[in-house]
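# Need the 3D shape of this:
(chains A and B)
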Number of protein chains: 2
Amino acid sequence: MTGAATPTDDNARHAAKMARRKEAKDRALDGKTADKGLLIVHTGAGKGKSSAGFGMILRCIAHGMPCAVVQFVKGAWDTGERRLLTERFADLCQFHAMGEGFTWDTQDRARDIAAAERGWHKAQALIRDPEIRMVLLDEINIALRYGYLDSGEVIAFLRDEKPPLTHVVLTGRNAPEALIEAADLVTEMTLVRHPFRAGIKAQPGVEF
Amino acid sequence: MTGAATPTDDNARHAAKMARRKEAKDRALDGKTADKGLLIVHTGAGKGKSSAGFGMILRCIAHGMPCAVVQFVKGAWDTGERRLLTERFADLCQFHAMGEGFTWDTQDRARDIAAAERGWHKAQALIRDPEIRMVLLDEINIALRYGYLDSGEVIAFLRDEKPPLTHVVLTGRNAPEALIEAADLVTEMTLVRHPFRAGIKAQPGVEF
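Next up, the predicted model:
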């Protein structure tokens, strides 16, 4: 073992390295004390945009924070998220599935626009209510992408009318650049590997 | 209006375009009928890796599918996910917080390794139980990254001993390349903008 590091050396080096890392983390946290309602965007072609939104909604529920979901694509489908929120947590979380299905299923632009506008109208009322601490606008980015809703109007509303402590989470691929600029926290979910390629269908629990 | 598209033209073009898209989507779904337990990885420096895992766990609960969580970093902290799962869903979801905190907080490699090994031992038992349909290994990628667990052993176990219908979700940044290769579904969460930069602290509901 001559010349080789002993386990004791390893442990000491590890402790020193982690002590430096802790100092850096603590420095980074200094002065970060503001409570603020965040504008959060989940976009990209990968999975997990809506799942992460629902994960945050369920954290809010766990903390007793009133919250709400507006779905812009999913309609009357029996999804897990719908069932759980409406059957178990209706006291804390409003759930509104305002979609008519994927736009390639409806093939009716006027109907899609009307559905998006109904969803946005509902969303505005929920966001304006200062009792509601988080509003998830699931797949709204699809409606913005196709021009069913005006991005400028949506962003201006969020900037001017969102109460300061309310979090708003907007999901869906192709988030407009102006929305990304306006947001506090943006995650792009990137697809690295997808099981559809291997002939696997959408699975309950994973996809819906 | 001569030469300009009328709304009727717009609608017809939209319907035709969406009909083509639906054909493509339906083709893509053809033959995708296999039920399969998936190996799912959420990695990258962005937010939402654990949130998306918890979103999937809650979908499982909604579908009545037994499931389990092992947390490799978080320990006794009072997180929203812990509170919700242990107080409301203990009948369907086992919850095991096996961590000792971030490795830069403990500064003790031997203790971190022991905690990771305890977590992995628990995870193996949960994964082997075919009644459990999804197991979330939250932040296990951190333990793999630091070499607290052997990636080769973990991957071999998942390949050889995971029941065919069980989903396993592994989260944390810096997932090993071999794990990404072995997985069915991999999402990289990429940081586009983070509120810590703007002096905002971690928020209940969003971060924990």
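# From now on I want contacts and neighbour counts done on CA atoms only, so please keep to that.
Fine.
# Can you show me the strands along chain A?
A:39-43, A:67-71, A:93-97, A:134-138, A:167-171, A:185-193 (DSSP state E).
# and the residue nearest to A:S151 when sequence neighbours are not counted, how many neighbours?
Leaving aside its chain neighbours, A:S151 sits nearest to A:L144 (5.8 Å; criterion: Cα to Cα, 6 or more residues apart in numbering or on different chains). Other residues within reach of A:L144, judged by other Cα atoms under 10 Å in any protein chain shown, total 20.
# Correct me if wrong: A:L144 contacts A:D150.
Yes - here A:L144 reaches A:D150: they are 6.4 Å apart, a contact under Cα atoms under 8 Å.
# And the residue of chain A closest to chain B?
Across chain A, no residue is closer to chain B than A:A52, which sits at 3.7 Å (Cα to the nearest Cα).
# pretty sure that residue contacts B:I57?
No - in this structure, A:A52 is not within contact of B:I57 by Cα under 8 Å, at 11.0 Å.
# Could you state which residue of chain A sits nearest its centroid?
In chain A, the residue lying closest to the centroid (Cα atoms, centre = their mean) is A:G53, at 3.3 Å.
# pLDDT below threshold where in chain A?
Residue ranges of chain A with pLDDT under 70: A:1-8, A:24-34, A:76, A:101-107, A:194-200.
# which stretches of it form helices?
Ranges of helices within chain A are A:7-29, A:49-62, A:80-88, A:103-106, A:109-128, A:140-145, A:151-161, A:177-182, based on DSSP state H.
# tell me the most buried of those?
Mean neighbour count (mean count of other Cα atoms under 10 Å in any protein chain shown) peaks for helix A:49-62 among those, with a mean of 27.
# ok, now which ones touch A:H63?
With contact set as Cα atoms under 8 Å, 6 or more residues apart in numbering or on different chains, A:H63 has these partners: B:G80, B:P204, B:G205.
# at 7 Å instead, please
The contact partners of A:H63, taken as Cα atoms under 7 Å, 6 or more residues apart in numbering or on different chains, are B:G80, B:G205.
# what's the distance between it and B:G205?
Going from A:H63 to B:G205 by Cα to Cα, to the nearest Å gives 7 Å.
# and if you look at A:D138?
For A:D138 relative to B:G205 (Cα to Cα), the value is 17 Å.
# coming back round to it: can I get the strands of chain A in a markdown table including mean neighbour count and distance to chain B?
Below are the strands of chain A laid out as a markdown table (neighbours: other Cα atoms under 10 Å in any protein chain shown; distance: least, Cα to the nearest Cα, whole Å):
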| stretch | mean neighbour count | distance to chain B |
| --- | --- | --- |
| strand A:39-43 | 27 | 8 |
| strand A:67-71 | 25 | 10 |
| strand A:93-97 | 19 | 13 |
| strand A:134-138 | 26 | 8 |
| strand A:167-171 | 26 | 8 |
| strand A:185-193 | 23 | 5 |
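# For my notes, please list the ones you listed in CSV and give distance to B:R193 for each entry.
As requested, those are exported to CSV (distance: least, Cα to Cα, whole Å):
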stretch, distance to B:R193
strand A:39-43, 9
strand A:67-71, 23
strand A:93-97, 27
strand A:134-138, 18
strand A:167-171, 14
strand A:185-193, 5
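# So for B:G119, which of those sits nearest?
Closest to B:G119 of the strands of chain A, according to Cα to Cα: strand A:185-193, at 26.7 Å.
# any idea of the angle the closest one forms with strand A:167-171?
Here strand A:185-193 runs at an angle of 30 degrees relative to strand A:167-171 (axes from the mean of the first three to the mean of the last three Cα atoms, to 10 degrees).
# Could you find the closest non-adjacent residue to the residue of chain A closest to chain B?
B:A52 (3.7 Å).
# so who does A:L179 touch?
Counted by Cα under 7 Å, 6+ apart, A:L179 has contacts A:I155.
# what about it, distance to B:E161?
A:L179 is 45 Å from B:E161, by Cα to Cα.
# What of A:I180?
As judged by Cα to Cα, A:I180 and B:E161 stand 43 Å apart.
# next one: A:V41
Counting by Cα to Cα, the gap from A:V41 to B:E161 is 38 Å.
# And for A:A183?
Distance from A:A183 to B:E161, by Cα to Cα: 43 Å.
# Please apply the same query to A:T166.
45 Å.
# How about A:A45?
Taken as Cα to Cα, the span from A:A45 to B:E161 is 31 Å.
# Check A:I132 too.
Between A:I132 and B:E161 the distance is 45 Å, computed by Cα to Cα.
# and if you look at A:N174?
Distance from A:N174 to B:E161, by Cα to Cα: 39 Å.
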